[in-house]
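1. Structural data only, the sequence is not supplied:
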């Protein structure tokens with residue numbers, strides 16, 4: 001059921017404390033942790049504690065929590081002292097989403113070219 005923890009979801013397991021992660025921030029609604037395959041010197045994932053497969057699904061069902069994810073992305077950037085950074089939401093396997101639990105990638109610490117990919 002949307003919003004409920006999923007037994008087969010890696011990020012739900014991180015939220016529950018069943019899978020270790022290098023947590024950098026945690027709020028009542030979000031968890032931020034370092035990506036295990038960083039694509040930049042700073043690469044932190046910000047996830048909602050509730051389970052929705054995509055950022056769009058989260059925004060429709062729980063707009064306040066979607067806003068919390070964005071606010072935490074900024075908080076991560078501030079704590080990491082990033083003057084500029086990129087926030088990415090991948091949606092679908094073709095776009096690079098590998099864990100189907102909404103999450104924001106916060107990338108910084110090097111030049112990020114446009115277009116990406």
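-> Happy to help now that I have it. Quantities reported herein were computed from a predicted structural model and do not represent experimental measurements.
2. going forward, measure contacts between C-alpha atoms and count neighbours the same way
-> Fine.
3. Show me the longest helix that occurs in this structure.
-> If each helix of the chain is counted by residues according to DSSP state H, the longest one is helix 63-79.
4. Buried residues in the following helix or strand past that one, which are they?
-> Where DSSP states H and E defines the elements, the next helix or strand beyond helix 63-79 is strand 85-88. By neighbour count on 16 or more other CA atoms under 10 Å, the buried set for strand 85-88 is 85, 87.
5. before we move on, the earlier item: I'd like to know which elements the longest helix of the chain is packed against.
-> strand 30-34, strand 42-48, helix 55-61, strand 104-108 (3 or more CA pairs under 8 Å, 6 or more residues apart in numbering; DSSP states H and E).
6. Among those, show me which one is buried the most.
-> Counting by mean count of other CA atoms under 10 Å, strand 42-48 has the highest mean neighbour count of the helices and strands packed on helix 63-79, with a mean of 27.
7. Now do that one against strand 104-108, angle only.
-> If you take axes from the mean of the first three to the mean of the last three CA atoms, to 10 degrees, strand 42-48 sits at 160 degrees to strand 104-108.
8. Now do stretch 56-67, average pLDDT.
-> On average, the pLDDT along stretch 56-67 is 98.
9. start to end distance for it?
-> Using CA to CA, to the nearest Å, one end of stretch 56-67 lies 12 Å from the other.
10. And that stretch, how far out from the chain middle?
-> From the chain centre to the centre of stretch 56-67 is a distance of 13 Å (CA atoms, centre = their mean, to the nearest Å).
11. hmm, who's touching it?
-> Applying CA atoms under 8 Å, 6 or more residues apart in numbering, the set of residues contacting stretch 56-67 from outside is 29-30, 48, 52, 55, 102.
12. hmm, back to that, adding distance to residue 94, write the helices and strands packed on helix 63-79 out as a markdown table.
-> Supplementary listing: the helices and strands packed on helix 63-79 in a markdown table, determined by distance: least, CA to CA, whole Å:
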| stretch | distance to residue 94 |
| --- | --- |
| strand 30-34 | 23 |
| strand 42-48 | 19 |
| helix 55-61 | 15 |
| strand 104-108 | 16 |
